[in-house]
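**Q** Got a predicted structure here, sequence first:
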Amino acid sequence: MAQPDLFEQSGAGLPDWLLRSKDLRDELNRHAHAYYVLDAPSIPDAEYDRLFRELESLEAAHPELITADSPTQRVGGTPLPQFSQVRHDVPMLSINNGFSDEDIIAFDRRVSEGLKTDVAVDYACELKFDGLAINLRYVNGILTEAATRGDGATGEDVTQNIRTVRSIPLRLHSAHPPALLDVRGEVLMYKADFAKLNLRQREAGQKEFANPRNAAAGSLRQLDSRITAQRNLRFFAYGVGLLEGAAMPQSHTALLNWYAELGIAVCAERANLKGAAGLLQFYAEIGQRRAALPYEIDGVVYKVDSVEQQQKLGFVSRAPRFALAHKFPAEEAITVVQDIVVQVGRTGALTPVARLAPVSVGGVTVTNATLHNEDEVRRKDIRIGDSVIVRRAGDVIPEVVANIPERRPADAREFVMPRQCPVCGSTTVQSEDEAVARCAGGWLQCAAQRKGGLLHFVSRRAMDIEGLGEQLVEQLVDRHVVSTPADFYKLGLTSLAELDRMADKSARNVLDALEKSKQTTLARFIYALGIRHVGESTAKELARHFGSLDALLTASEEQILEVDDVGPVVAQSMLRFFAEPLNRELIEQLRAAGVVWMETEPGYKPQALAGKTFVLTGTLPNLKREEAAERIEAAGGKVAGSVSKKTSYVVAGEEAGSKLVKAQELGLVILDEAGLLNLLEQHA
């Protein structure tokens, strides 16, 4: 082609699309090198996909642009020179992506047209793991070689490291294994293992990994396999390369079932469905369960199930025609830090928050992201004006993952933590054992702490006062109507009805909720006080151990330390709180307002359901989840957050999700609300 000669000339007179194509190729190759070779992703996947699609469009409109080194003509990256190279007998191709319902409908239409059929096509649907693609070679049933995808034709030999992955069998579970079998799959790291790894990295003063995918790739490509062995990697199979000495299964589903028989790990989250409607149904169901999965996924994969039909459809240059990856909305995106402000929480903690140029992350427009504390800002070197990668997973608060140094403007400004509280002007303090700076003003001086403390007091898990939301509490504080929790119980119809967006009926509902909240439990009351370091479970243990508030108020440090799971930090925090005259006065004012609870003998622990573990899932018709949990715990039972073989009962309501599925798989006892109430009555 004449194109290379054109680029050797000056840029003057060249078409914009020609210059843009070169820029895109250079940028994509640079990012691919950072991702595949250096294990240091420089941009989110979604941004790479956008640039890739732009180049594809340009090359489709101008075929003369296509060069051998174009990212559209390759699959992955270049093998590291430290590892020996392995040539794949069957290339490890990637698959094309779809992003919208229309893309999926078009894919199904192309498949039907390619097969010349009007009958709905059978598809195998599975997850698109966020890990590292691997080829495992078994010779006569023995694992002899493992290689990364590399550039699709040649990968890196990581056999020694793969041998440390316990989910990969060293010998196939078969008396008559195939002479040669190439298993294609994904090495990944579970979310819990990723969190533990980063904790170890922090404690060792080493660089943390950006995400589980990056951690898995970095772990697998260690030169010292002993390091890999410490990383707890996992593996799921999803494809096949070369197969000799055995018949190829006639469907993708049959292949995975065969793998399971051979002792090769396959993911249980898969299904067989028909047509575009079935594919979209699978996508929606997995999307709802995505946050609860133990590993990261960035989409789902659809494959024509029949191997014969796969062969008939064939391949395009870099991907099969019979498969498509349907990607979820990006959980990472690039945006600009327009400012860094400081928020003050209910405990006085000062948290730097990045004000961002609006960007869509995970289908939600994000304008703010937490920076956690001053040390995190310094460690990640985030400055005002920086282009940054923002991440949001499930319902987690968005956070700034990293900056993009090459995009830093010359006028970027460093963040400086204020030495005075931005709300009340009090001095900020920071203890030696904490990374967080705090306002020393307390809730009496600091309106931010006051609002936060009041919102905590009325929250669902504390006093559970419906109708007293954030906007209403802010109005009550700003108008100096409420300054302590006791003031809530002095509110009248007139003072509430005068507030913005509050009619008489709404005001009456709030007053009714306040009256109802006076009948509470000692555990809820202790938790509602907002004592630092005293969470919900600690409050329950304190209530059980002391039985009455007066016993707790007069307890010594030694007596408090006798409570299960209470250490010196919690004990000191409680002593400081109860030694403060204003806090004592607040407790008496709440009692005088009519707030009451049942008290028990010290150390009382009900035995009716002792040793029984319950898991709540879905929405119950009448009971709130907290109410159901309190009734179970009042009878001596324990409420856990996850299902296991040790679970005694699973209480399922409407829209119960993966917990119910797992309970059914384990054959556990499943109750509805009526069944739970009946069980509680039997043990009353």
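**A** Yep, it's here. Numbers count the residues shown, from 1 in each chain.
**Q** mind listing what the nearest residue to residue 345 once chain neighbours are set aside touches?
**A** Nearest-residue entry for residue 345: residue 452, 5.5 Å, with adjacent residues in sequence omitted and distances by Cβ to Cβ, 6 or more residues apart in numbering. In this view, the C-beta of every residue, glycine as well, is placed from N, C-alpha and C. By Cβ atoms under 8 Å, 6 or more residues apart in numbering, the contact list for residue 452 reads 344, 345, 346, 347.
**Q** cool, residue 179 as well?
**A** 139, 140, 244, 245, 246.
**Q** And residue 589, by the same measure?
**A** Residue 589 makes contacts with 484, 486, as judged by Cβ under 8 Å, 6+ apart.
**Q** rerun at 10 Å
**A** Residue 589 makes contacts with 484, 485, 486, 487, 489, 490, 595, as judged by Cβ atoms under 10 Å, 6 or more residues apart in numbering.
**Q** In strands only, show me the contacts of residue 452.
**A** residue 344 (DSSP state E).
**Q** which of the contacts of residue 589 count as buried?
**A** In these, burial by neighbour count holds for 484, 485, 486, 487, 489, 595, counting by 16 or more other Cβ atoms under 10 Å.
**Q** so of those residues, which ones are in strands?
**A** Using DSSP E, none of these sit in strands.
**Q** With pLDDT as new columns, can the residues you listed be given to me in CSV?
**A** Shown next, in CSV, are the buried ones among the contacts of residue 589 (pLDDT from 0 to 100):
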residue, pLDDT
484, 91
485, 94
486, 94
487, 94
489, 95
595, 96
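**Q** Filter those residues down to the ones in helices?
**A** Among the buried ones among the contacts of residue 589, the residues falling in helices (DSSP state H) are 485, 486, 487.
**Q** returning to what we had before: quick check: of the contacts of residue 589, which lies closest to residue 154?
**A** Nearest to residue 154 out of those is residue 485 (Cβ to Cβ; 67.5 Å).
**Q** helix/strand/coil for the nearest residue to that closest one once chain neighbours are set aside?
**A** Using Cβ to Cβ, 6+ apart and skipping residues adjacent in sequence, the residue nearest residue 485 is residue 457, 4.4 Å away. Under DSSP: H, G, I helix; E, B strand; the rest coil, residue 457 falls in the helix class.
**Q** does residue 457 really touch residue 527, like I thought?
**A** Yes. Shown here, residue 457 and residue 527 form a contact pair, counting by Cβ atoms under 10 Å, at 9.4 Å.
**Q** Need the overlap of contacts for the two.
**A** residue 463.
**Q** ok, back up a step: can you redo the contacts of residue 179 as JSON lines with neighbour count?
**A** What follows is the contacts of residue 179, written out as JSON lines (neighbours: other Cβ atoms under 10 Å):
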{"residue": "139", "neighbour count": "15"}
{"residue": "140", "neighbour count": "14"}
{"residue": "244", "neighbour count": "11"}
{"residue": "245", "neighbour count": "12"}
{"residue": "246", "neighbour count": "14"}
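**Q** ok so, going back, same list (the contacts of residue 589) but as CSV, adding distance to residue 623.
**A** Converted to CSV, the contacts of residue 589 look like this (distance: Cβ to Cβ, whole Å):
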residue, distance to residue 623
484, 31
485, 26
486, 29
487, 31
489, 26
490, 31
595, 23
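**Q** Tell me the one of the residues you listed nearest residue 304?
**A** Proximity of these to residue 304 was ranked by Cβ to Cβ; the top entry is residue 485 with 62.4 Å.
**Q** and the closest one, what does it touch?
**A** 453-454, 456-458, 462-463, 465, 528-530, 586-587, 589-590, 593, 595.
**Q** In PyMOL, how would I select just the buried ones from those residues?
**A** Per 16+ other Cβ under 10 Å, the buried members of the contacts of residue 485 correspond to this PyMOL selection:
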select buried, resi 453+454+456+457+458+462+463+465+528+529+530+586+587+589+590+593+595
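**Q** in which helix or strand would I find residue 368?
**A** Element membership for residue 368, per DSSP states H and E: strand 364-370.
**Q** how distant is that strand from the center of its chain?
**A** Remark: strand 364-370 is offset 15 Å from the chain centroid, using Cα atoms, centre = their mean, to the nearest Å.
**Q** circling back: from the buried ones among the contacts of residue 589, pick the one nearest residue 168.
**A** When the buried ones among the contacts of residue 589 are ranked by distance to residue 168 (Cβ to Cβ), residue 485 comes first, at 56.7 Å.
**Q** Tell me the spacing between the closest one and residue 515.
**A** As for residue 485, its distance to residue 515 is 15 Å (criterion: Cβ to Cβ, to the nearest Å).
**Q** Report the separation between the residue nearest to residue 345 and residue 469.
**A** 14 Å.
**Q** Low-confidence ranges, the protein, go.
**A** Applying pLDDT under 70 to the chain flags the ranges 1-13, 33, 35-39, 68-69, 73-81, 317, 393-396, 444, 603-607, 683-684.
**Q** which element is residue 50 on?
**A** helix 45-61.
**Q** cool, and residue 390?
**A** strand 387-391.
**Q** angle of that strand against helix 45-61?
**A** 110 degrees (axes from the mean of the first three to the mean of the last three Cα atoms, to 10 degrees).
**Q** Quick check: next helix or strand after strand 387-391?
**A** By DSSP H and E, the next helix or strand past strand 387-391 is strand 399-403.
**Q** same for that following strand, what does it pack against?
**A** strand 332-344, strand 349-361, strand 364-370, helix 374-380, strand 387-391 (3 or more Cβ pairs under 10 Å, 6 or more residues apart in numbering; DSSP states H and E).
**Q** Try it again at 8 Å.
**A** strand 364-370, helix 374-380, strand 387-391 (3 or more Cβ pairs under 8 Å, 6 or more residues apart in numbering; DSSP states H and E).
**Q** Need the contact partners of the helix holding residue 50.
**A** 17, 20-21, 24-25, 27-28, 31-32, 35, 65-66, 70-72, 97, 99, 298, 327, 330, 332-334.
**Q** and it, C-alpha only, in PDB?
**A** Written as PDB, here are the backbone C-alpha positions of helix 45-61 (Å, rounded to 0.1, in the frame of the first residue of the first chain):
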ATOM      1  CA  ASP A  45     -11.900  -1.500  29.100                       C
ATOM      2  CA  ALA A  46     -14.800   0.600  28.000                       C
ATOM      3  CA  GLU A  47     -12.500   3.400  26.800                       C
ATOM      4  CA  TYR A  48     -10.400   0.800  24.900                       C
ATOM      5  CA  ASP A  49     -13.500  -0.700  23.300                       C
ATOM      6  CA  ARG A  50     -14.700   2.800  22.200                       C
ATOM      7  CA  LEU A  51     -11.400   3.600  20.500                       C
ATOM      8  CA  PHE A  52     -11.300   0.100  18.900                       C
ATOM      9  CA  ARG A  53     -14.800   0.500  17.500                       C
ATOM     10  CA  GLU A  54     -13.800   3.900  16.100                       C
ATOM     11  CA  LEU A  55     -10.800   2.400  14.300                       C
ATOM     12  CA  GLU A  56     -12.900  -0.500  13.000                       C
ATOM     13  CA  SER A  57     -15.400   2.000  11.500                       C
ATOM     14  CA  LEU A  58     -12.600   4.000   9.800                       C
ATOM     15  CA  GLU A  59     -11.100   0.800   8.300                       C
ATOM     16  CA  ALA A  60     -14.500  -0.400   7.100                       C
ATOM     17  CA  ALA A  61     -15.000   2.900   5.300                       C
END
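**Q** Would you pull up how far that helix lies from the middle of the chain?
**A** Chain-centre distance of helix 45-61: 27 Å, with Cα atoms, centre = their mean.
**Q** Can you list the buried residues in the helix or strand following that helix?
**A** Downstream of helix 45-61, the next assigned helix or strand under DSSP H and E is strand 85-87. For strand 85-87, burial by neighbour count (16+ other Cβ under 10 Å) applies to residue 86.
**Q** Strand 85-87 pairs with which strands, and in what direction?
**A** Next to strand 85-87 in the sheet, as set by DSSP bridges, lie strand 154-156 (antiparallel).
**Q** Quick one: residues in contact with the next helix or strand after the partner strand.
**A** Where DSSP H and E defines the elements, the next helix or strand beyond strand 154-156 is helix 159-162. Applying Cβ under 8 Å, 6+ apart, the external contacts of helix 159-162 come out as 134, 136, 143-147, 168, 187, 219-222, 225, 228.
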